[in-house]
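Student: For reference, the sequence and a predicted model appear below.
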Amino acid sequence: MQQDKHPDYHPVVFRDRAAGYAFLTRSTAASDQTIEWDDGETYPVVDVEISSESHPFYTGKARTVDSEGRIAQFERRYGSAGLRAGGDATA
C-alpha cells in the first residue's frame with residue numbers, strides 16, 4: 001500500500017439528535033466538534049439526521065403503501081378480461 005494516499009481512519013462518534021442516540025465507530029469523517037465519551041476519551045462527533053434509532057424501517061413505524069394485494073388490485077382493475085372464454089388463462 002502506498003503511503004499518504006489514504007484518508008485518516010480514526011474513532012468518531014455519530015450522534016442522532018432526533019433520537020438522542022450516539023454510537024462510537026471508526027470512520028474517515030472529520031468534524032470540528034468533540035464529545036467526551038463513556039470511556040473518558042474525547043472524540044470528534046458528527047451529527048446525523050437519521051440513524052437506525054430513528055429510521056421508520058428499523059423502528060417498525062414504516063407506512064404500508066400497498067394496502068391491497070397486487071393480484072386483488074389487478075382483478076379489481078381488469079376483472080377477468082384476461083381470461084379466455086373457456087376459463088383457461090394459459091395459451
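Tutor: Structure received. Numbering: from 1, shown residues only.

Student: pLDDT at the nearest residue to Ser54 once chain neighbours are set aside, what is it?
Tutor: Once flanking residues are discounted, Ser54 sits nearest to Ala19: 4.0 Å by C-beta to C-beta, 6 or more residues apart in numbering. C-beta: built from backbone N, CA, C; applies to glycine. The score at Ala19 is 81. That number is its pLDDT.

Student: How many residues are close by Ala19?
Tutor: Per other C-beta atoms under 10 Å, the neighbour tally for Ala19 reads 15.

Student: Equivalent analysis for Pro44, please.
Tutor: Pro44: 16 neighbours (other C-beta under 10 Å).

Student: how about it, what does it touch?
Tutor: Listed by C-beta atoms under 8 Å, 6 or more residues apart in numbering, the contact set of Pro44 reads His10, Val12, Val13, Ala29, Ala30, Ser31, Asp32, Gln33, Thr34, Ile35.

Student: if we go to 7 Å?
Tutor: By C-beta atoms under 7 Å, 6 or more residues apart in numbering, the contact set of Pro44 is Val12, Ala30, Ser31, Gln33, Thr34.

Student: show me where pLDDT drops low in this structure?
Tutor: 1, 55-68, 80-91 (pLDDT under 70).

Student: mind listing the helices for it?
Tutor: Along the chain, the stretches classed as helices by DSSP state H are 56-59, 70-78.

Student: Please enumerate the strands of the protein.
Tutor: Assigned by DSSP state E, the strands in the chain fall at 10-16, 21-27, 34-36, 42-48.

Student: As CSV, those with distance to Gly69 would be great.
Tutor: As requested, those are arranged in CSV below (distance: least, C-beta to C-beta, whole Å):
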stretch, distance to Gly69
strand 10-16, 35
strand 21-27, 36
strand 34-36, 48
strand 42-48, 36
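
Student: how about those, which one is nearest Gln2?
Tutor: Gln2 lies closest, by C-beta to C-beta, to one member of those: strand 10-16, at 19.4 Å.
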